[in-house]
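# no sequence on this one, just coordinates:
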């Protein structure tokens with residue numbers, strides 16, 4: 001499976017869209033770090049720079065990538081990557097040298113999940129770099145830095161689970177546009193559930209805990225019970241998405 005994984009990794013990291021996206025994200029983070037510090041922007045955005053700037057800036061900016069932008073970006077990238085191979089008959093067709101559908105989809109999943117983790121780490125690097133350029137060593141204040149890096153790690157796990165879901169959608173719908181539309185619907189439902197008062201629904205919803213960690217507990221430590229519950233739910237969703245991908249791949253006809 002390792003040669004296949006390397007092959008898919010090289011293929012997906014050749015996508016120019018990745019580098020354009022992160023160049024734009026760096027530019028946006030850089031200018032935003034300086035703009036929110038101006039009195040005019042503080043008044044316009046109704047923010048307190050003492051709260052959202054300095055040591056808190058990397059955590060503040062994390063929401064913009066993980067909550068919406070990163071998921072949509074992954075949806076576009078993976079839809080084009082997987083659905084393109086579906087159209088060329090390379091997604092389900094066994095390869096030479098004894099490769100099977102199962103091994104192929106496992107390789108794609110490994111690359112997609114690894115890509116999600118790398119993208120979150122790259123986002124953390126960009127946010128810390130732009131924050132350092134604006135506030136200097138203040139952003140490395142120990143307690144805040146440990147808390148923020150932990151939240152990035154948890155965000156990476158969440159993004160990996162969502163990536164597994166996007167892969168499953170691509171395989172089930174076999175359409176890039178249907179997959180992207182489904183992801184947009186998911187994001188709308190996610191925000192509705194987080195803002196609702198249906199406790200039972202919130203407890204079993206995969207996106208609820210990421211919203212809880214990044215909004216309710218923003219600039220705070222996450223309680224251990226909330227952390228363990230969220231991790232458990234995410235792992236269950238991840239396993240379910242992976243199993244659906246394997247099952248659907250085996251059932252698909254040429």
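Looks like it came in fine. A quick note: this is a predicted structure, and the numbers were derived from the prediction, not measured. Numbers count the residues shown, from 1 in each chain.
# count of residues packed around residue 158?
Residue 158 has 28 neighbours, counted by other CB atoms under 10 Å. Any C-beta I mention is one placed from the backbone N, CA and C, and that applies to glycine too.
# run through the residues that contact it.
Neighbouring residues of residue 158 by CB atoms under 8 Å, 6 or more residues apart in numbering: 66, 206, 207, 209, 210, 234.
# count residues in the vicinity of the third one, would you?
When neighbours are defined as other CB under 10 Å, residue 207 has 23 of them.
# check it and give its pLDDT.
Among the per-residue scores, residue 207 shows a pLDDT of 91.
# which element, helix or strand, includes it?
Taking DSSP states H and E as the definition, residue 207 sits inside helix 206-211.
# emit the ChimeraX select command for whichever of the contacts of residue 158 are buried.
Applied in ChimeraX, the following selects the buried portion of the contacts of residue 158 according to 16 or more other CB atoms under 10 Å:
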select :66,206,207,209,210,234
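# the helix holding residue 207 packs against which elements?
helix 142-173, helix 176-195, helix 224-251 (3 or more CB pairs under 8 Å, 6 or more residues apart in numbering; DSSP states H and E).
# low-confidence ranges, the stretch 101-250 of the chain, go.
Confidence mapping of the stretch 101-250 of the chain against pLDDT under 70 gives the ranges 101.
# sorry, back to before: can I get the helices and strands packed on helix 206-211 in JSON lines with distance to residue 124?
As requested, these are exported to JSON lines (distance: least, CB to CB, whole Å):
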{"stretch": "helix 142-173", "distance to residue 124": "4"}
{"stretch": "helix 176-195", "distance to residue 124": "22"}
{"stretch": "helix 224-251", "distance to residue 124": "19"}
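# out of those helices, which is the most enclosed?
helix 142-173 (a mean of 21; mean count of other CB atoms under 10 Å).
# and that one, how far out from the chain's middle?
On the basis of CA atoms, centre = their mean, to the nearest Å, helix 142-173 sits 5 Å off its chain's mean C-alpha point.
# helix 176-195 and that helix, what's the angle between them?
If you take axes from the mean of the first three to the mean of the last three CA atoms, to 10 degrees, helix 142-173 sits at 140 degrees to helix 176-195.
# and the longest helix along the chain, what other elements does it pack with?
Criterion DSSP state H: the longest helix present in the chain is helix 101-135. Using 3+ CB pairs under 8 Å, 6+ apart as the contact test, the elements touching helix 101-135 are helix 2-12, helix 16-35, helix 57-63, helix 70-87, helix 142-173, helix 224-251.
# to residue 196, which of these lies closest?
helix 224-251 (16.7 Å; CB to CB).
# ok so, going back, buried ones in the longest helix of the chain?
Burial within helix 101-135, assessed by neighbour count using 16+ other CB under 10 Å, is assigned to 101, 104-113, 115-117, 119-120, 123-124, 126-132, 134-135.
# on that earlier part again, and the helices and strands packed on helix 101-135: which comes nearest residue 183?
That would be helix 70-87 among those, by CB to CB, at 4.1 Å.
# between the two ends of stretch 135-148, how far is it?
Across stretch 135-148, the terminal residues are separated by 16 Å (CA to CA, to the nearest Å).
# any chance you could list what contacts that stretch?
Contacts of stretch 135-148 (CB under 8 Å, 6+ apart): 33, 53-59, 62, 128, 131-132, 219-221.
# and the helices and strands packed on helix 101-135 as CSV, adding distance to residue 215?
As requested, the helices and strands packed on helix 101-135 are exported to CSV (distance: least, CB to CB, whole Å):
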stretch, distance to residue 215
helix 2-12, 31
helix 16-35, 19
helix 57-63, 7
helix 70-87, 16
helix 142-173, 11
helix 224-251, 12
